[in-house]
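1. pasted the sequence and its predicted model underneath.
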Amino acid sequence: MFRPKFGTLQSTISPPTGLLGVGLGVIFNIYRNFPQDELGILITPGGTVRVAWFCDPDGNVLTVTDA
């Protein structure tokens with residue numbers, strides 16, 4: 001099981017993931033058996049919380065979450 005080292009809570013996940021993914025070239029982690037979209041964003045049942053994971057250059061797992 002992975003444990004993120006740092007996370008940030010956002011009012012909406014789309015602009016931060018777009019900025020990181022497209023603007024900075026961040027690749028979001030895809031985990032088997034997680035209902036993630038093509039960008040790697042997990043959408044929880046009910047769609048109220050979305051989470052994206054990525055690694056920093058040192059391999060630490062970081063998150064962006066909206067709730």
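-> Okay, I see it.

2. which one is residue 34 nearest to, not counting chain neighbours?
-> Sequence neighbours aside, residue 42 is the residue nearest to residue 34 in space, at 5.3 Å (criterion: CB to CB, 6 or more residues apart in numbering). C-beta: built from backbone N, CA, C; applies to glycine.

3. surely the one you found touches residue 51?
-> Yes: taking CB atoms under 8 Å as the definition, residue 42 is a contact partner of residue 51 at 4.6 Å.

4. strands of this protein, residue ranges please.
-> 6-10, 41-43, 50-55, 61-66 (DSSP state E).

5. what's the most buried one of these?
-> strand 50-55 (a mean of 20; mean count of other CB atoms under 10 Å).

6. looking at the sheet around the nearest residue to residue 44 once chain neighbours are set aside, what are its partners?
-> Among residues not flanking residue 44 along the chain, residue 50 sits closest, at 7.2 Å (CB to CB, 6+ apart). For residue 50, the beta-bridge partners are residue 43, residue 66 (DSSP bridges).

7. for residue 7, give me the pLDDT.
-> With respect to pLDDT, residue 7 scores 56.

8. then residue 29?
-> 90.

9. for residue 27, find the nearest of the strands of the chain.
-> strand 50-55 (6.7 Å; CB to CB).
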